[in-house]
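[1] Sequence plus the predicted model coming up.
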Amino acid sequence: MRRFILLWGPVLIFAIFIFVISSLSSTEGADPFPHFDKVAHMFVYGVLALLIFRSLTLTLRTKHFMLVALLTIIVAIAYGLSDEFHQYFVPTRNPDIKDIAADGIGALIAMTTVYIRRRFSRR
């Protein structure tokens, strides 16, 4: 049980952080630059993907990077979908398909970064 908490606790804590942030009402026009919210989605879901990847890799104990990376991206996007559904019920928030795309792009960038880093660190 301790191993499970050490592996998946950070993922759960970060998922709760995302849920709490998306529960806050948004203020229109408060973004510091255009498309700030999309950049924020990519960054946050990139971090979530890294945490999920770490947990899946250590839980599954597999050497198949592409399988774990694909599962990571699917889980991150699924959580993004659930977050957008949640935002449907938050006053002043609206679900947006572009946010889900940004979530997926963030997860993909994170997995691509891990792949490149692994590829070049072996040499």
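    Nice, thanks for sending it over. This is a predicted model, so every value here is computed, not measured. Numbers count the residues shown, from 1 in each chain.
[2] residue contacts, the residue nearest in space to the middle of the chain?
    By C-alpha atoms, centre = their mean, the chain has its centre lying nearest to Y45, at 2.5 Å. By C-beta atoms under 8 Å, 6 or more residues apart in numbering, Y45 lies in contact with 76, 79-80, 102-104, 106-107, 110. For the C-beta atoms, the positions are set from N, CA and C on the backbone; glycine is no exception.
[3] From those residues, pick the one nearest I16.
    Y79 (11.2 Å; C-beta to C-beta).
[4] I'd like the distance between F43 and R2.
    With distances taken as C-beta to C-beta, to the nearest Å, F43 is found 30 Å from R2.
[5] circling back: could I get the contacts of Y45 as JSON lines with pLDDT and distance to F36?
    As requested, the contacts of Y45 are arranged in JSON lines below (pLDDT from 0 to 100; distance: C-beta to C-beta, whole Å):
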{"residue": "A76", "pLDDT": "98", "distance to F36": "20"}
{"residue": "Y79", "pLDDT": "98", "distance to F36": "21"}
{"residue": "G80", "pLDDT": "97", "distance to F36": "17"}
{"residue": "A102", "pLDDT": "97", "distance to F36": "11"}
{"residue": "D103", "pLDDT": "98", "distance to F36": "15"}
{"residue": "G104", "pLDDT": "98", "distance to F36": "18"}
{"residue": "G106", "pLDDT": "98", "distance to F36": "14"}
{"residue": "A107", "pLDDT": "98", "distance to F36": "19"}
{"residue": "A110", "pLDDT": "98", "distance to F36": "19"}
